[in-house]
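Visitor: sequence and predicted structure are below.
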Amino acid sequence: LLMFSWCPGAGQDVGRSCILVSIAGKNVMLDCGMHMGYNDDRRFPDFSYITQNGRLTDFLDCVIISHFHLDHCGALPYFSEMVGYDGPIYMTHPTKAICPILLEDYRKITVDKKGETNFFTSQMIKDCMKKVVAVHLHQTVQVDEELEIKAYYAGHVLGAAMFQIKVGCESVVYTGDYNMTPDRHLGAAWLDKCRPDLLITESTYATTIRDSKRCRERDFLKKVHETVERGGKVLIPVFALGRAQELCILLETFWERMNLKAPIYFSTGLTEKANHYYKLFITWTNQKIRKTFVQRNMFEFKHIKAFDRAFADNPGPMVVFATPGMLHAGQSLQIFRKWAGNEKNMVIMPGYCVQGTVGHKILSGQRKLEMEGRQILEVKMQVEYMSFSAHADAKGIMQLIRQAEPRNVLLVHGEAKKMEFLKQKIEQEFHVSCFMPANGETTTILTNPCIPVDISLGLLKRETAIGAAPDAKRPRLMHGTLLMKDNSFRLVSPEQALKELGLAEHQLRFTCRVHIQDPRKEHETVLRVYNHLKGVLKDYSVQHLPDGSITVESILIQATAHSEDQGTKVLLVSWTYQDEELGSYLTSLLKKGLPQSTP
Amino acid sequence: YRDLHTFELQAPTRLIEWARENRVCVAGYGQCDGNEILQLIPPPTLLTKETQGLCPERDFKVECGGFSERPVYSLKYVPDTSLLVTSGPPDSSLQVWQVSAEDSDVIKSVSTIATENATGQSWAKIATISARAPWVLHGSRLDRVQITEVESRKNVYTAASRGSEELSSLAFLDCNLLLLCCATGRLCLADTRQPQGLVEAVPAPSVPCSEHWCMGTRHAAQGSEPSSQPVARLSSRGLLALTDLRKTSEFLALAKARVPSPGSGAEFLCVSWAPALEGYLAISGFDGTVHVYDTQSWDSSGREAEPIFVHKGHVFGGAGGSRDPPLVTVHTWHLQKPRTLLSAASDGSLHVWDWVQPCGKC
């Protein structure tokens, strides 16, 4: 197994993921992420690393995308349309549905707002998605005759998956981003005991010991409550789905318990989209959501109503969920502009914001923003950030390794030196090798593939008949011929192999000359040799044939007089290759000479 | 509460030690191999004085870690060095470790400080100081107290014997004065400049009746006398005795805490003074709670005292109801934020909490 990797940026929250795996001659690219911190070409991985010449389509067997976060799929249109790749791209159904939306949003911000030129176009996004093959969970997909992949549930975000890549009996599991603890709307990641040769796992958050969810939620509710109590308005910009549902459920329960009267609104564009996606991907959410959805429409909350643009101007406290999530356009930005000037109000950003968006600017501390038409907007409202996105911590990583039982583990992370502790921890607990390559580094992992071989029954019977009864505790040496035919390996007897292959058997015969000093006549010498051998080789069949030759089993011995010296007799010992052992023994025995006192 | 953060460690700890730059250290005490020593960076919310609510960085980060073959019962950083010392069963020897956070994130085992007749004794209690040199004060019994220089492992001082009682804790009052607390409640003072004998003994506050005692000391401010700070002693029955070391013949104060009966054992008894609040102390180890007391109103009557605040978080945090309720194993005060404490329990939970001063007091 060979591995290249472009790892997430050092020390940063969000980097870019793009990993190349070579397994049993197949090349697979795992994720194709964009680096969110850079504004220039550094944001895209350098694909010339893959192959200096030759087309990517020929070199790569497939591309797999784990989930829709931009640091995992952001460079995909660039890769497939601008660099050039026409092979299959695999991802789960929700990922396929959501990716293009995020990519288009991102493209709009980068090109329209920031005026960048070297970027992919809307058409490129569409063309790229045409190459995508959507997969279901636990469905084995044959990429070609030898390569197969399977997606597993990863939690983290809707549609996120971990992928198993298998060629013959060698396999790799790539986790992408995953979470081992379930939250309100997603379950926990799960792998079966697939025992891959290599498990590639995200480890950026391995050193984190997370604050409990209850505390985060309690603090969120406290902030919202405080703002609403003092008459302020709370804006929560959200992406269409996922966290929005969680927060809604949270607020609804809280409002009910505390008997609060302030209105909570959900913008309509949001409800339609969210409902649509949830209906499509209900199996991807966890049990609780599914039950709720079945019982009632996701958005029929008692306290949460549909939003109307005009409500934003209403006096008094309120909470509004609006899209888009990074405050870069649309309704959430409109509302933000209306409310930013009042310090009683609050905006809570529930996720990472891309550079260039208003969301990113206010999270970085900017309080004076330049809007269209050179208008300056002074931000007096409170700005809060709360990330719900969950990643596996050290405990979660250990849990996953325990579930999957890999032979080797590879950590994808930021800084190499900071992972030594986790590496030792994994090695000590599971007795596996742990690797932590840096950006651009290649890791080679040796595998011991098992090659199954069928043994013919006839051969098995024959070999076990020889010698002692089979003993379960002792290995037994057997002889046979290994036939590799029609993609199968079989162990058969040599005769059968010859027959199947239509080859003729050749006989090898050895003849050795042994000189003996004996002045007597030939037939007397023969008699002496016969009696001698009969006496020594009691367990063997020694015969004196009428034609004057001696046989020991199937070995032939004949005596002739030496051409020049009458006192010397030449014994010709002849045997086939199969009787090599006995033949050699006989020869050395005869070389020792005949005992003197023989009749 | 003003603030409450709950975390879950992979393995429970019975120590929380502060290190340079507000780092916190915890360690596992399980019987089998593979106990981890973890040096943690607290979330920025704890590093700053002002509490922020929804700050994105709310998590502890493991800065570096090490693996210990034995359970870690006690850990102390050696000031002004990159070393730390641990102790734990099965004997009273000490393990010395090196923390080099810049190069790698592994805390490496460096050496062992062996003690005479180490086997058969319980684990050593330790204290460290780096006045004349990096020293560690250690011992499991009153007749086995010594100071060893950490790097050279040379013995620098051995306390004269005054009995063979088991020690529950010891402390450096300054670079010359040592304070030893026996499990019976007896306090002994020693001066390293006078190797002849333990100087003073402060008797146990009550007739020993199989109670187990531990002590808590408070660091004096720069310039003031080390023995000016009262020493608190806590018994497994909940008795709290405050003593001024300059007037050892009488108690400064005596009170009784409302705690469950002694059935819970004395393994995790812990009493500590608030570093930034005058007269406040906290106790734990009886159940899943931590009590905070204001001792300024106490007298020597031994009456039951009312806690200012009780942290019950560990009781409610647990996963399943069927298991035994968790026991708080240790607590400590934040060094700068006056009302912030950290506490850990036997279920692996780690809480950071900031209590609100009840109205009327300030």
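Guide: That came in fine, so what should we check first? Residues are numbered from 1 along each chain as shown, chains lettered A, B, ... in the order given.
Visitor: give me the number of residues near A:Leu503?
Guide: Using other C-beta atoms under 10 Å in any protein chain shown, A:Leu503 has 9 other residues around it. Bear in mind the C-beta positions are built from the backbone N, C-alpha and C, glycine included.
Visitor: what sits against it?
Guide: Each residue near A:Leu503 by C-beta atoms under 8 Å, 6 or more residues apart in numbering or on different chains is listed here: A:Ala497.
Visitor: bridging residues for the residue sitting nearest the centre point of chain A?
Guide: In chain A, the residue lying closest to the centroid (C-alpha atoms, centre = their mean) is A:Val173, at 2.2 Å. With DSSP bridges applied, A:Val173 shows beta-bridge pairing to A:Gln164, A:Leu199.
Visitor: residues contacting it?
Guide: Counting by C-beta under 8 Å, 6+ apart, A:Val173 has contacts A:152, A:162-165, A:191, A:194, A:196, A:198-200, A:404, A:406.
Visitor: just B:Gly216 next, same as before
Guide: For B:Gly216, counting by C-beta under 8 Å, 6+ apart, the contacting residues are B:231-234, B:270-273, B:281.
Visitor: most surrounded residue in those residues?
Guide: Counting by other C-beta under 10 Å, top hit in the contacts of B:Gly216: B:Leu234 with 30 neighbours.
Visitor: buried residues, the helix or strand hosting A:Leu498. List them.
Guide: Here A:Leu498 sits within helix A:494-501, counting by DSSP states H and E. For helix A:494-501, burial by neighbour count (16 or more other C-beta atoms under 10 Å in any protein chain shown) applies to A:496-497.
Visitor: which parts of the stretch 251-362 of chain B are strands?
Guide: Counting by DSSP state E, counting those that start in this stretch, the stretch 251-362 of chain B has strands at residues B:253-256, B:270-273, B:280-284, B:290-294, B:309-311, B:328-333, B:340-345, B:349-354.
Visitor: can you pull out the helices in the stretch 201-350 of chain A?
Guide: Applying DSSP state H, counting those that start in this stretch to the stretch 201-350 of chain A gives helices spanning A:213-229, A:243-258, A:268-280, A:287-295, A:330-339.
Visitor: could you tell me the least trusted of these?
Guide: Sorting these by mean pLDDT places helix A:287-295 lowest, at a mean of 56.
Visitor: what number of residues lie near residue 18?
Guide: Assuming you mean chain A. 29.
Visitor: was after chain B, sorry
Guide: Residues lying near B:Trp18 (other C-beta under 10 Å) number 17.
Visitor: quick check: the farthest pair among the contacts of A:Val173?
Guide: Distance extremes for the contacts of A:Val173: the farthest pair is A:Tyr152 and A:Leu198 at 15.3 Å, using C-beta to C-beta.
Visitor: in terms of neighbours, single out the busier of the two.
Guide: Legend: neighbour count by other C-beta under 10 Å for A:Tyr152 and A:Leu198, higher for A:Leu198 (26 against 19).
Visitor: surely the more buried one meets A:Leu410?
Guide: Yes - counting by C-beta atoms under 8 Å, A:Leu198 touches A:Leu410, with 6.0 Å between them.
Visitor: what sits in contact with each of the two?
Guide: Overlap of the contact sets of A:Leu198 and A:Leu410 (by C-beta under 8 Å, 6+ apart) consists of A:Ile445.
Visitor: of the contacts of B:Gly216, closest to chain A?
Guide: Checking the contacts of B:Gly216 against chain A by C-beta to the nearest C-beta gives B:Cys270 as the nearest, at 21.6 Å.
Visitor: any idea how far that closest one lies from B:Gln10?
Guide: For B:Cys270, the distance to B:Gln10 equals 22 Å [C-beta to C-beta, to the nearest Å].
Visitor: just confirm B:Leu180 contacts B:Leu142, I think it does.
Guide: Yes - B:Leu180 is in contact with B:Leu142 according to C-beta under 8 Å; the separation is 6.7 Å.
Visitor: give me the common contacts of these two.
Guide: Common contact partners of B:Leu180 and B:Leu142 (C-beta under 8 Å, 6+ apart): B:159, B:167, B:188.
Visitor: confirm the second one sits in a helix?
Guide: Which is B:Leu167. No - with DSSP: H, G, I helix; E, B strand; the rest coil as the criterion, B:Leu167 is assigned strand and is not in a helix.
Visitor: next, the contact list for it, please.
Guide: For B:Leu167, the contact set (C-beta under 8 Å, 6+ apart) comprises B:125, B:139-142, B:145, B:180-183.
Visitor: now those residues in CSV, with secondary structure, distance to chain A and pLDDT?
Guide: Formatted as CSV, these follow (DSSP: H, G, I helix; E, B strand; the rest coil; distance: C-beta to the nearest C-beta, whole Å; pLDDT from 0 to 100):
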residue, secondary structure, distance to chain A, pLDDT
B:Lys125, strand, 28, 91
B:Gly139, strand, 31, 89
B:Ser140, coil, 29, 89
B:Arg141, strand, 34, 87
B:Leu142, helix, 38, 83
B:Val145, coil, 34, 88
B:Leu180, strand, 35, 89
B:Cys181, strand, 32, 90
B:Cys182, strand, 36, 87
B:Ala183, coil, 33, 87
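Visitor: what parts of the stretch 1-150 of chain B come near chain A?
Guide: B:4-10, B:34, B:36, B:40, B:43, B:53-56, B:58-67, B:103-106 (C-beta under 8 Å from any C-beta of the partner chain).
Visitor: buried ones among those?
Guide: The neighbour count (16+ other C-beta under 10 Å) marks B:4-9, B:36, B:40, B:43, B:53-54, B:56, B:58-67, B:104-106 as buried among the residues of the stretch 1-150 of chain B next to chain A.
Visitor: measure how buried A:Cys194 is and give me the count.
Guide: Applying other C-beta under 10 Å, we find 16 residues neighbouring A:Cys194.
Visitor: please, which helix or strand holds it?
Guide: With DSSP H and E as criterion, A:Cys194 is part of no helix or strand.
Visitor: just checking, it touches A:Cys169?
Guide: No - if you go by C-beta under 8 Å, A:Cys194 and A:Cys169 don't touch, sitting 11.6 Å apart.
Visitor: what residues are up against A:Cys99?
Guide: Contacts for A:Cys99 (C-beta under 8 Å, 6+ apart) come out as A:65, A:68, A:73, A:76, A:91, A:129.
Visitor: helix, strand or coil for A:Gly396?
Guide: Three-state call for A:Gly396 (three-state DSSP): helix.
Visitor: so where's the stretch 251-400 of chain A shaky on pLDDT?
Guide: Applying pLDDT under 70 to the stretch 251-400 of chain A picks out residues A:268-275, A:278-279, A:286-300, A:352, A:355, A:388-389.
Visitor: again, only this time at 90
Guide: Residues of the stretch 251-400 of chain A that meet the criterion pLDDT under 90 lie in A:251-253, A:256-257, A:260-261, A:265-314, A:321-334, A:349-377, A:383-395.
Visitor: close to chain B: what parts of it are there?
Guide: Within the stretch 251-400 of chain A, the residues that sit near chain B (C-beta under 8 Å from any C-beta) are A:348, A:384-387, A:394-395, A:398.
Visitor: reformat the helices of the stretch 201-350 of chain A as TSV; add mean neighbour count.
Guide: Below are the helices of the stretch 201-350 of chain A laid out as TSV (neighbours: other C-beta atoms under 10 Å in any protein chain shown):
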stretch	mean neighbour count
helix A:213-229	18
helix A:243-258	18
helix A:268-280	17
helix A:287-295	13
helix A:330-339	19
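Visitor: only C-alpha atoms, please: export the longest strand along chain B in CSV.
Guide: Longest strand in chain B, counting residues (DSSP state E): strand B:60-68. The C-alpha trace of strand B:60-68 is given here as CSV (Å, rounded to 0.1, in the frame of the first residue of the first chain):
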residue,chain,number,x,y,z
PHE,B,60,-9.6,21.2,27.3
LYS,B,61,-6.7,20.2,25.1
VAL,B,62,-4.2,17.5,25.9
GLU,B,63,-0.9,19.2,25.6
CYS,B,64,1.2,16.2,26.4
GLY,B,65,0.8,12.8,28.0
GLY,B,66,2.8,10.0,29.5
PHE,B,67,2.3,6.3,30.4
SER,B,68,2.7,5.0,33.9
